[in-house]
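Novice: Quick one, structure for this:
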Amino acid sequence: MHERERHRIIMSAVQEKSVVTIQDIAELTEASEATIRRDIAALHVQGKIRRVRGGAEAVHPPQLGNLAGRPFRVSESVNIDKKRAIARAAVDLCDPGDAIIINGGTTTFQMVHFMSGHRMQVMTNSFAIAEHLVKHSKNTVTVPGGVIYREQSLILSPFDNDAIRHFYARRFFFGAQGVGPHGIMEADAQIIQSEQKLMHQADELVVMVDSSKFRRRSSLILCPLERVSTIITDDGIPEEAVRMIEDAGIKLVIASAAAQAAREDSSSVA
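Specialist: From the prediction side, this is the model:
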């Protein structure tokens, strides 16, 4: 990742979470901790952030009360090539006229780029996904009522009698903070509450995660692994994760980022 992009991610991260660790940023950017220390030092000298022990903090700390997990604009460009390949494979599962649910997230957001020619019934709790589909597609879009969390671009409601209970879908597409033998993991209890409401409204659960998510863990379990119908990931998935998925009887779809890039290049030439 280029230095300018790393700096953008660091500044976005501290604006959303006031203090971030070197380890957090290294994981976000896939750069070494030594590189991140140099980046933080450079931004500190420029007065854009403050260097603190083990990380960095915002010059003007953000307001508290955000959801746990990475902000949307911080994660959006991380592993973007893998996310686009996974998203295309997800849209390829859909048929004309399908009713689907798309949970908010930066991987699921990439689905919108391949849905412009579709006419489906779409329920989403993502403000970003809803806005894009309304502007750039013929899909019918339904959103639940609730509060918009700007940092994650999510619409969340604490009430049971919202629009979700009146929408039933063939598939529910969603991402995760991590995937392991104990199940699908998330970082925020409120997000889990919202996703579990959506899960009950679909026949099949489709998890969309890049291969790094099989090496991550969280303290909160969204659902058992066996509850999932399909997992879509990239070709960097570890062998032990492949065996875990197969042993659980889950369909595994591996999307190639290189193949996706070739398809996009050929389309642009045509």
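Novice: least trustworthy helix or strand in the chain by mean pLDDT?
Specialist: Across the helices and strands of the chain, mean pLDDT, DSSP states H and E gives its lowest value to helix 72-75, namely a mean of 56.
Novice: What is the subsequent helix or strand relative to it?
Specialist: Per DSSP states H and E, helix 72-75 leads on to helix 80-92 as the next helix or strand towards the C-terminus.
Novice: The following helix or strand past that following helix packs against which elements?
Specialist: Following helix 80-92 in sequence order, the next helix or strand is strand 99-102 (DSSP H and E). Counting contacts by 3 or more CB pairs under 8 Å, 6 or more residues apart in numbering; DSSP states H and E, strand 99-102 is packed against strand 121-124, strand 169-174. C-beta coordinates here come from the backbone N, C-alpha and C atoms, glycine included.
Novice: Which of these sits closest to M1?
Specialist: Minimum separation from M1 across the helices and strands packed on strand 99-102 (CB to CB) falls at strand 169-174, 26.1 Å.
Novice: what's next to that closest one, contact-wise?
Specialist: Defining contact as CB atoms under 8 Å, 6 or more residues apart in numbering, one finds that strand 169-174 is touched by 90, 93-94, 98-103, 105, 108, 111, 121, 123, 195, 198-199, 201-208, 229.
Novice: Go through that strand and flag the buried ones.
Specialist: Neighbour counts over strand 169-174 (16 or more other CB atoms under 10 Å) mark 169-174 as buried.
Novice: Same list (these) but as JSON lines, adding distance to L156.
Specialist: Formatted as JSON lines, the buried residues of strand 169-174 follow (distance: CB to CB, whole Å):
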{"residue": "A169", "distance to L156": "18"}
{"residue": "R170", "distance to L156": "23"}
{"residue": "R171", "distance to L156": "21"}
{"residue": "F172", "distance to L156": "16"}
{"residue": "F173", "distance to L156": "17"}
{"residue": "F174", "distance to L156": "14"}
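Novice: any chance of those residues in CSV, with pLDDT too?
Specialist: Converted to CSV, those look like this (pLDDT from 0 to 100):
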residue, pLDDT
A169, 97
R170, 96
R171, 98
F172, 98
F173, 98
F174, 97
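Novice: on that earlier part again, buried only: go through the contacts of strand 169-174 for me.
Specialist: 90, 93-94, 98-103, 105, 108, 111, 121, 123, 195, 198-199, 201-202, 205-208.
Novice: Rebuild the helices and strands packed on strand 99-102 as a markdown table, extending it with distance to M1.
Specialist: Converted to a markdown table, the helices and strands packed on strand 99-102 look like this (distance: least, CB to CB, whole Å):
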| stretch | distance to M1 |
| --- | --- |
| strand 121-124 | 29 |
| strand 169-174 | 26 |
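Novice: List just the one of those strands that sits closest to V19.
Specialist: strand 169-174 (28.6 Å).
Novice: With just CA atoms, put that closest one into PDB.
Specialist: What follows is strand 169-174, C-alpha atoms only, in PDB (Å, rounded to 0.1, in the frame of the first residue of the first chain):
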ATOM      1  CA  ALA A 169     -35.700 -13.100   1.400                       C
ATOM      2  CA  ARG A 170     -34.200 -16.000  -0.400                       C
ATOM      3  CA  ARG A 171     -30.700 -15.000   0.800                       C
ATOM      4  CA  PHE A 172     -29.100 -12.800   3.500                       C
ATOM      5  CA  PHE A 173     -25.600 -11.600   2.500                       C
ATOM      6  CA  PHE A 174     -23.400 -10.400   5.300                       C
END
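Novice: For it, what is the distance to the chain centroid?
Specialist: Averaging C-alpha positions (CA atoms, centre = their mean, to the nearest Å) puts strand 169-174 15 Å from its chain's average.
Novice: And stretch 206-223, end to end?
Specialist: This stretch, stretch 206-223, spans 12 Å end to end (CA to CA, to the nearest Å).
Novice: Can you mark which positions in that stretch are buried?
Specialist: Buried, per 16+ other CB under 10 Å, within stretch 206-223: 206-214, 218, 220, 222-223.
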